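[1] Mind looking at a prediction? Sequence and model below.
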Amino acid sequence: MRRILFVCSALVLFATAVSAQKGKPWTDWTDKEATRMLTDSAWAQTQTELSDTGGNSSQAITRAAENKRDLDTSKNGESGENIGKAGSALSVKYYVSFLTARPIRQAFIRMIELQRPEMPAEKVAELRTFVDRDFGEYVVVTLKIEGTDRKRVAPAMQEIATADAELLKTTTYLERKDGKRVALMEYRAPGADGMGAKFVFPRTLDGQPFLDANSGELRVNIQVGKTKLNRRFKVTDMMYEGKLEY
């Protein structure tokens, strides 16, 4: 019973934090708020795989479990940076996000501003134009890889960097709740912009918008070599300032 109450409390706290974040101007987001938007929000998820001490096996952690762990560690005065230190399992983290969703672009630019407070005002203004960029008929999903298990992170990053775009088109897609899919159109390997790999999909299917507010669920399936990601996003949560963002 105590565990159930804790999980419920964690979900309430998470929902409250997300609500407050949506109502706060993005230019005022803290480092923690921007990071959460990029890693654990309606437009971004983290798939974490833990390794045993030998780095030979892994276990996927659900987003809810990650939230609980974050709350546990924060209560003990720890942070996510401590994962992988003595007494903790090594891990690989895969960050999947919708670059074409405005909140993700806002968070990305906000992180740059926080990391470079000395940036001239004109440069800040130039960077902020990225928030309003029009991606037209395309949806862009990004993938970044980090982790403390170097034996697994390096090969995964190598696979992403050298992936065959034509092969990816047979394994990578977006899927609606009704089973309809749009296949990958274009792939761009990670570059110097810090956004990670980019997977480009069409925004329409048979001449109609692929998603609308009633689509229910959107699944992102990415397979690059041994790296397999399957993340589910709730479409109703992807509304932002009265518009479906993805």
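    Yes, it's here. These figures come from a predicted structure and were not determined experimentally. Numbers count the residues shown, from 1 in each chain.
[2] Please make it C-alpha for all contacts and neighbour counts, starting now.
    OK.
[3] Residue 105: neighbour count?
    By other Cα atoms under 10 Å, 20 other residues sit near residue 105.
[4] My guess is it contacts residue 134. True?
    No. Using Cα atoms under 8 Å, residue 105 is not in contact with residue 134; the gap is 11.5 Å.
[5] Quick one: the strands in the protein, in order.
    44-51, 58-61, 90-98, 138-147, 173-176, 181-183, 186-188, 197-202, 204-205, 208-209, 217-224, 227-234, 239-240, 243-244 (DSSP state E).
[6] Which of those strands has the lowest mean pLDDT?
    The stretch with the lowest mean pLDDT among the strands of the chain is strand 58-61, at a mean of 48.
[7] still on that earlier bit, which stretch among the strands of the chain comes nearest residue 31?
    strand 44-51 (15.9 Å; Cα to Cα).
[8] So what's the gap between that closest one and the chain middle?
    Counting by Cα atoms, centre = their mean, to the nearest Å, strand 44-51 is centred 10 Å from the centre of its parent chain.
[9] swap in stretch 168-184?
    Taking mean C-alpha positions (Cα atoms, centre = their mean), stretch 168-184 and its chain are 18 Å apart.
[10] now the end-to-end length of it.
    7 Å (Cα to Cα, to the nearest Å).
[11] buried residues in it?
    168, 169, 172, 173, 174, 175, 176, 181, 182, 183, 184 (16 or more other Cα atoms under 10 Å).
[12] can you check stretch 197-216 too?
    Here stretch 197-216 shows 197, 198, 199, 200, 201, 202, 203, 210, 211 as buried, counting by 16+ other Cα under 10 Å.
[13] What number of neighbouring residues does residue 227 come out with?
    Residue 227 has 13 neighbours, counted by other Cα under 10 Å.
[14] Equivalent analysis for residue 231, please.
    Residues near residue 231, counting by other Cα under 10 Å, number 18.
[15] I figured it hits residue 223, correct?
    No. Using Cα under 8 Å, residue 231 is not in contact with residue 223, being 11.7 Å away.
[16] right, and the pair among the buried residues of stretch 168-184 with maximum separation?
    Every pair of these checked by Cα to Cα; the farthest is 168 and 176, at 19.0 Å.
[17] hmm, who's touching stretch 208-228?
    156, 159-160, 163, 168, 171-177, 182, 203-204, 229-236, 239, 244 (Cα atoms under 8 Å, 6 or more residues apart in numbering).
[18] End to end on it, go ahead and measure it.
    29 Å.
[19] go on, stretch 124-133?
    15 Å.
[20] Pull out the buried positions in stretch 112-125.
    Under 16+ other Cα under 10 Å, the buried positions of stretch 112-125 are 113, 124.
[21] so how far is it off the chain centroid?
    With Cα atoms, centre = their mean, you get 24 Å for stretch 112-125.
[22] Going along the chain, name the helices of this protein.
    2-23, 31-39, 63-75, 102-115, 121-128, 150-161, 165-168 (DSSP state H).
[23] mean confidence for stretch 114-133?
    For stretch 114-133, mean pLDDT is 95.
[24] Can you name the residues in contact with it?
    By Cα under 8 Å, 6+ apart, stretch 114-133 touches 31, 102, 105, 106, 109, 113.
[25] Then stretch 143-157?
    51, 55, 83-84, 90-97, 195-198, 226-227.
[26] Thank you, goodbye.
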